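In: Structure for this input, please:
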Amino acid sequence: MSIRVVLEQGQKSKKFVAFAVDWPGLSRGAKTAADAVQTLAAYCDRYRPVAVRAGLESAFGEAEPLEVVEERTGTGSTDFWGISFSPSSFEQEPMDAAELERKIIVLQACWAYFDAVGARVSPQMRRGPRGGGRDRDTIMSHTIRTESELFAKRVGIKMPERGALEPGALSPYRAAYLEAMRAYQRGEVKRVMRSWTLAFLVRHSGFHTMDHAWEMEDKDLS
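Out: Coordinates of the predicted model:
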């Protein structure tokens, strides 16, 4: 087995992204293709706790080495952010129900990891170029709001501003988000995504969650 990797370059080749097709959240960017793949490989150990939480530790442990299965050109945002913003050829519709359930389990593990990091890192974060002077609560708020108020719209979830941050609201929101994904997979959501696909939505939610979980770990002052 191997970890299937898609290598994506920006339209002007300023930045590259390497992401694991089968492991939502495992994605890294860099200024060169080689560095993107190398950075992704270096992050596999940091990602391993997600596979453990998902009950897929054995599958992840056996999936070595990285195998680039597709090279593609992304959007302009790839050049600007160093982030993949479009689905690969492996993430087109329709999405198999069993594959969706597996990726949902991994996404839930990403959420659990993010929550655990937020509970143990220092409230104040080390200052640096990324995110400026954002503290822990600001990073967590941004991560949850972006997903709940923007990403979740793709499958028909309409959350009020800061709605998922209300006391006791995060868990019900996440459950509703997953059910909406399942409904979309079954063809029950009338509004169909255009530039995004269900597989990309799961991957992007996992990436955004883990990217900021790792940011908090890297800026932890405790």
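In: Going by C-alpha atoms from here, please, whenever you check contacts or count neighbours.
Out: Noted.
In: Tell me the helices and strands packed up against the host helix or strand of Glu179.
Out: Taking DSSP states H and E as the definition, one finds Glu179 inside helix 170-185. Applying 3 or more Cα pairs under 8 Å, 6 or more residues apart in numbering; DSSP states H and E, one finds that helix 170-185 contacts helix 97-120, helix 198-219.
In: Quick one, which of those gets closest to Val17.
Out: Nearest to Val17 among the helices and strands packed on helix 170-185 is helix 198-219; the distance by Cα to Cα comes to 11.7 Å.
In: ok, the closest residue to Ala213 other than its chain neighbours to Val50 distance?
Out: Closest residue in space to Ala213, ignoring its immediate chain neighbours: Phe114 at 5.0 Å, by Cα to Cα, 6 or more residues apart in numbering. Distance, Phe114 to Val50, by Cα to Cα, to the nearest Å: 10 Å.
In: Poorly predicted segments of the chain, please.
Out: 129-132 (pLDDT under 70).
In: Mind doing that once more with 50?
Out: Of all residues in the chain, none has pLDDT under 50.
In: domain parsing for it?
Out: 3-86, 92-219 (automatic domain parsing).
In: Out of those, which is the most enclosed?
Out: domain 3-86 (a mean of 20; mean count of other Cα atoms under 10 Å).
In: how distant is it from the center of its chain?
Out: 10 Å (Cα atoms, centre = their mean, to the nearest Å).
In: Am I right that Ala18 sits in a helix?
Out: No - using DSSP: H, G, I helix; E, B strand; the rest coil, the secondary structure at Ala18 is strand, not a helix.
In: Spatially nearest residue to it, not counting backbone neighbours?
Out: Per Cα to Cα, 6+ apart, closest to Ala18 is Leu7, 4.6 Å.
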